[in-house]
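Asks: any chance you can model this:
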Amino acid sequence: MTELQNKIRELLEDHTVDLVIGWENGSLPLVSSPVFIKKAEDAGKVNFDVTCRNNLTTYLTKDRRQLGKDYQKIGIVVKGCDARSVVLYVTENQVKREKVFLIGVPCQGVLEKKKIFDICEGREVLEKRVEGENIIFKGHAFEIKVPFNDVLSDSCLGCRYPDAREFDAFIGTPRGELEKKDEFKVVDDFEKKTPEERWAYIKDEYSRCIRCYACRNVCPSCYCNECFVDHNDPQWIGKTPEVTDNIIFHLIRNLHLAGRCVDCGACVSACPVNLDLRIMNKKVEKEMKDRFNYTAGLDINEKPAMATYCENEKQDFIMG
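Replies: Got it, this is the predicted structure:
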């Protein structure tokens, strides 16, 4: 932690960057909040641990007008998935690489509050402590020790790239690429269902959507100035949370994320009704890998899969 804080202090003192975006301790034990560090003396506020779930790169696109106006170069602390988002931005000409300074950190995974809520039976957690492969949660009149992996985000459990592959400075010891044999297990299990079972699951799941658009708002790859759901002419879908409109919204969003989702899990964590959003996200990701051998955000010199064409690509979707 001290090394990260010292690096941020150094970057601000020598004017390498004008601003650093990172995390700081939140007001609750299981939450870290985004923090904008403009002065070197404030570098001590920065924190990085298993509670840093936000994908901070969203500020580079959704707040780019203001940030680009006020700051010449921005430093940002990035986990593996966050760095992949920056690579995506660069390849899609949304961010100039020379305008950002990436401070890479090795990620051990981030906690999923919904899992903790279930394990602690809804009781308020006042303290957490990691001990080896376990984590301890304490509250009023209770203390629970559980395996660390039991409360990690599903995205983290399936993550192959916990380190920032693209960086200007790296803090800590890299974990390297991880072997994940069941990376697409959630998709494989879903595909084993009959068409009727899959359709029933989709209708039941998306009927609970309240169309708050939290998934869209936290997604680093949803940076359109105006989303299709906000169009009045033409009006693509209705404004109320009817199940058919919900399904259209989520399916179109999935297609818009083809070859662009970095599986950071921000959408899942933000959903207030606990929708299982990863099935469709991972399905599209699996199709991109199978058809185009492409994984989003790994190579800053590689064009996005949907922006290239090869004659030997699979074309079995064409009906003749």
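Asks: just checking, what packs against the helix or strand where Ser269 lies?
Replies: Ser269 is located in helix 266-270, with elements delineated by DSSP states H and E. Packing contacts for helix 266-270, counted by 3 or more Cβ pairs under 8 Å, 6 or more residues apart in numbering; DSSP states H and E, involve helix 214-218. C-beta coordinates here come from the backbone N, C-alpha and C atoms, glycine included.
Asks: how far does the helix it packs on sit from its chain's centre?
Replies: 10 Å (Cα atoms, centre = their mean, to the nearest Å).
Asks: same check on stretch 216-224?
Replies: Worked out by Cα atoms, centre = their mean, stretch 216-224 lies 10 Å from the chain centre.
Asks: give the buried residues for that stretch.
Replies: 216, 218-223 (16 or more other Cβ atoms under 10 Å).
Asks: can you list those residues in JSON lines and add distance to Ile8 and pLDDT?
Replies: Listed next are these as JSON lines, based on distance: Cβ to Cβ, whole Å; pLDDT from 0 to 100:
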{"residue": "Arg216", "distance to Ile8": "30", "pLDDT": "93"}
{"residue": "Val218", "distance to Ile8": "24", "pLDDT": "94"}
{"residue": "Cys219", "distance to Ile8": "26", "pLDDT": "94"}
{"residue": "Pro220", "distance to Ile8": "21", "pLDDT": "94"}
{"residue": "Ser221", "distance to Ile8": "26", "pLDDT": "93"}
{"residue": "Cys222", "distance to Ile8": "28", "pLDDT": "92"}
{"residue": "Tyr223", "distance to Ile8": "25", "pLDDT": "91"}
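Asks: following the helix holding Ser269, which helix or strand comes up?
Replies: With DSSP H and E, the next secondary element past helix 266-270 is helix 278-292.
Asks: show me what that next one is packed against.
Replies: helix 185-191, helix 243-256.
Asks: quick one on the thing from earlier: give me the residues contacting the helix holding Ser269.
Replies: 53-55, 58, 112-114, 153-155, 214-220, 275-278, 281 (Cβ atoms under 8 Å, 6 or more residues apart in numbering).
Asks: looking at the helices and strands packed on helix 278-292, which is nearest to Val86?
Replies: Nearest to Val86 among the helices and strands packed on helix 278-292 is helix 243-256 (19.0 Å), distances taken as Cβ to Cβ.
Asks: element containing Glu24?
Replies: Short version, using DSSP H and E: Glu24 is in strand 19-25.
Asks: may I see the ChimeraX selection of the buried members of the contacts of helix 266-270?
Replies: In ChimeraX, a selection of the buried entries from those looks like this (16+ other Cβ under 10 Å):
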select :53,54,55,58,112,113,153,154,155,214,215,216,218,219,220,275,276,277,278,281
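Asks: what about the closest residue to Val151 other than its chain neighbours, neighbour count?
Replies: Nearest residue to Val151 in three dimensions, chain neighbours excluded: Lys115, at 4.7 Å (Cβ to Cβ, 6 or more residues apart in numbering). Lys115 sits with 15 neighbouring residues when counted by other Cβ atoms under 10 Å.
Asks: again, but for the one 3 residues further on
Replies: Residue crowding around Asp118 was assessed by other Cβ under 10 Å; the count is 12.
Asks: please tell me how far it sits from Ile144.
Replies: 11 Å (Cβ to Cβ, to the nearest Å).
Asks: check Leu275 too.
Replies: Distance from Leu275 to Ile144, by Cβ to Cβ: 26 Å.
Asks: not counting residues beside it along the chain, what's closest to the residue nearest the centre of the chain?
Replies: Nearest residue to the geometric centre of the chain (Cα atoms, centre = their mean): Cys264, 2.4 Å. Among residues not flanking Cys264 along the chain, Cys81 sits closest, at 3.9 Å (Cβ to Cβ, 6+ apart).
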